[in-house]
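# One predicted model, sequence on top.
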Amino acid sequence: MTQAFVSSRVVTPEGVRPAAVIVEHGRIREVCAPGDAPGTSQLHDFGNLIILPGLVDSHVHINEPGRTEWEGFATATRAAAAGGYTTLVDMPLNCLPETTTVAALEAKRFAAAGQCCVDWAPWGGLTGQNHEHLAPLAAAGAAGFKCFLVDPGIDGLAMISKQELEAALPTLARIGFPLLVHAELAEHLYHGGDGGDWRQYATYLRSRPDESELAAIRMLIGLCRTYRFPLHIVHLSTALALDDLAWARSEGLPITVETCPHYLHFVAEEIPVGGTLFKCAPPIRSRENREALWQGLRDGVIDLIATDHSPCPPSMKRLDEGNFRLAWGGIASLSVAISVIWTEMRTRGLPIQDLARWMSAQPAKLAGMEGRKGAIAAGCDADLVVFDPDAEFTLTTEDLQYRHLVSPYLGERLHGRVQTSFLRGTAVFEARSFPNPPGGRELRREEKLAVRI
Ligand SMILES: [Zn+2]
């Protein structure tokens, strides 16, 4: 059956315009003027509401298998659908086993089967010990690789040294898939022992200074210049690195950069004593830094916004003690990121097509999904989000949808709300509920690999 999704504000790669999105067999056949929709098609007319391309989150910790009590495919993908995300790319750690071998990837596939409300794809993990697994992981469908220059703070995926990284980079350059790096250098971190008042956010902020990110990014730019591998900086927190990144990109180095909703919304000056819900790494920094990150997005030095959705059981946030040294670091935001970002964009007068670029087109490109995800254009999957930009609401636990209903965003007054999310033309979130059984699929990058190595 042919469907026509119509609105006066459809966000296409060419701009926002009145249009009908014509869908057949879950794919977009064409985008035409509303009056040109075939008379026989099933009409979904959304009036003046915005139709966005389904969002793509290239940085999510789903944690299953192994730590499903933290988060799992069923709950993460429901939260995604509620938040306008139709594709997630899963990080290789916090699950057990970590996705550092093809066998681990198969275990993840087995865990995901039949549970997902939206599509997903895996990142593989890079450690000092698994170089021989990189090409097999890429051939088996990993979209790229993630590594840590600092201890990730959890058993499993080990940090990698500069020497170990250099040993892997020729292989990575040959594969041609992106290497996503947690860019903080351990020698610049301060772990503090028992000194300092760890209920104060300022103590935590001092323990992970800007210099740690800046030094790591400078080192990575140097390696990228030598080995020419596609480098992606995950969760950029310090704006002090923007000049170096802009220079490196102007040289033509293959570098992309992401930041996250929490760095674009919260500011260190307002984090309360003992407010461990705000703990993440690298840390949320100053108001001035936040504004500079927004400028980095405007300037195109930062390519995209990803959530780094990283939940844990509430007890691990140590809310009773409020101790920033002992609490788990990570902020879950799949279901709220679109509203948080749109609220901030409204106050800065930024247009909705920027949101589609930062949260859909660019993350899709990073994960090798362009042409299939990330755009309302002929040939792409009919992943569509009906968004009311003028809705205003106070965030409650009912809006969260993921496993553990804790969030530093609760109680915030936000603008912009997802009304309906469609995955390949089928509603996966509608009227605050999930009308259909899970129909999400895994997306594999393997076809592209065959022509590259
Ligand atoms: Zn992460």
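Ah, there it is.

# Am I right that Trp65 is in a helix?
For residue 65 the amino acid is Pro, not Trp. No. Assigned with DSSP: H, G, I helix; E, B strand; the rest coil, Pro65 falls outside any helix and is coil.

# out of everything not next to it in sequence, what's closest to it?
Ala111 (4.2 Å; C-beta to C-beta, 6 or more residues apart in numbering). Where C-beta positions appear, they are placed from N, C-alpha and C, glycine not excepted.

# Please enumerate the strands of the stretch 251-400 of the chain.
For the stretch 251-400 of the chain, the strands defined by DSSP state E, counting those that start in this stretch occupy 255-259, 304-305, 384-394.

# Mean neighbour count added to the ones you listed, as CSV?
Formatted as CSV, the strands of the stretch 251-400 of the chain follow (neighbours: other C-beta atoms under 10 Å):
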stretch, mean neighbour count
strand 255-259, 24
strand 304-305, 26
strand 384-394, 18
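
# Poorly predicted segments of this structure, please.
Residue ranges of the chain with pLDDT under 70: 192-194, 446-453.

# Can you tell me which residue is spatially central in this structure?
Ala306 (2.8 Å; C-alpha atoms, centre = their mean).

# how close does the closest residue in space to Arg298 that isn't next to it in sequence sit to Thr307?
Closest residue to Arg298 apart from its sequence neighbours, by C-beta to C-beta, 6+ apart: Leu350 at 7.6 Å. As judged by C-beta to C-beta, to the nearest Å, Leu350 and Thr307 stand 19 Å apart.

# Then Glu187?
Glu187 sits 29 Å away from Thr307, going by C-beta to C-beta.

# Neighbour count for those two, which is higher?
Set Glu187 next to Thr307 and count neighbours by other C-beta atoms under 10 Å: Thr307 wins out with 32 against 8.

# residues touching the more buried one, list them.
Contacts for Thr307 (C-beta atoms under 8 Å, 6 or more residues apart in numbering) come out as Asp57, His59, Val60, Cys260, Pro261, Ala332, Ser333, Leu334, Ala337.

# And the contacts of whichever strand or helix holds Leu214?
According to DSSP states H and E, Leu214 maps onto helix 210-227. Contacting residues not belonging to helix 210-227 are listed as 149-150, 162, 165-166, 169-170, 172-173, 181, 183-185, 187-189, 229, 231, 233, 236-238, 240-241, 244-245, 248, 251, 253-255, 282, 285 [C-beta under 8 Å, 6+ apart].

# and if you look at stretch 417-436?
3, 5, 23, 26-27, 46, 49, 54, 78, 81-86, 117-119, 338-339, 381-388, 391, 393, 398, 439-440.

# need the contact list for Asp36.
Contacts of Asp36 were listed using C-beta under 8 Å, 6+ apart, and they are Ala20.

# if we can go back for a sec, quick one: which of the contacts of helix 210-227 sit in strands?
Among the contacts of helix 210-227, DSSP state E puts Val181, Leu231, Ile233, Ile255 in strands.

# Ser315: which of those residues is nearest?
Nearest to Ser315 out of these is Val181 (C-beta to C-beta; 30.4 Å).

# surely that closest one meets Ile233?
Yes. Here Val181 reaches Ile233: they are 6.3 Å apart, a contact under C-beta atoms under 8 Å.

# follow-up on the earlier one: just the buried members of the ones in strands among the contacts of helix 210-227?
Val181, Leu231, Ile233, Ile255 (16 or more other C-beta atoms under 10 Å).

# And for Ser41, the neighbour number?
Ser41, neighbours per other C-beta under 10 Å, totals 18.

# residues contacting it?
Met1, Thr2, Gln3, Ala4, Ile22.

# separation between it and Gln362?
For Ser41, the distance to Gln362 - C-beta to C-beta - is 31 Å.

# now swap in Ala268 and tell me
Distance from Ala268 to Gln362, by C-beta to C-beta: 27 Å.

# out of those two, which sits in the more crowded spot?
Taking neighbours as other C-beta under 10 Å, Ala268 and Gln362 compare with Gln362 leading, 24 against 17.

# for the stretch 51-200 of the chain, what spans make up the helices?
73-82, 102-112, 134-139, 162-175 (DSSP state H, counting those that start in this stretch).

# Determine which of those approaches Trp294 most closely.
Of the helices of the stretch 51-200 of the chain, nearest to Trp294 by C-beta to C-beta is helix 73-82, at 24.4 Å.

# can you give me the end-to-end distance of stretch 341-357?
Length of stretch 341-357, first residue to last, C-alpha to C-alpha, to the nearest Å: 13 Å.

# Can you list the buried residues in it?
Quick answer for stretch 341-357 (16+ other C-beta under 10 Å): Ile341, Trp342, Thr343, Glu344, Met345, Leu350, Ile352, Gln353, Asp354, Leu355, Ala356, Arg357.

# For stretch 207-225, C-alpha coordinates in CSV please.
The C-alpha coordinates for stretch 207-225 follow below in CSV (Å, rounded to 0.1, in the frame of the first residue of the first chain):
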residue,chain,number,x,y,z
SER,A,207,39.7,16.2,38.8
ARG,A,208,39.0,16.1,35.1
PRO,A,209,40.4,19.4,33.7
ASP,A,210,40.1,20.8,30.2
GLU,A,211,43.8,20.1,29.7
SER,A,212,43.1,16.3,29.8
GLU,A,213,40.8,16.5,26.8
LEU,A,214,42.9,19.1,25.0
ALA,A,215,46.1,17.0,25.3
ALA,A,216,44.4,13.8,24.2
ILE,A,217,42.9,15.6,21.1
ARG,A,218,46.2,17.1,20.2
MET,A,219,47.8,13.7,20.3
LEU,A,220,45.0,12.2,18.2
ILE,A,221,45.3,14.9,15.6
GLY,A,222,49.0,14.1,15.3
LEU,A,223,48.2,10.4,14.8
CYS,A,224,45.5,11.2,12.3
ARG,A,225,48.0,13.3,10.3
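
# That stretch: how far from the chain's middle?
Distance of stretch 207-225 from its chain centroid, counting by C-alpha atoms, centre = their mean, to the nearest Å, is 21 Å.
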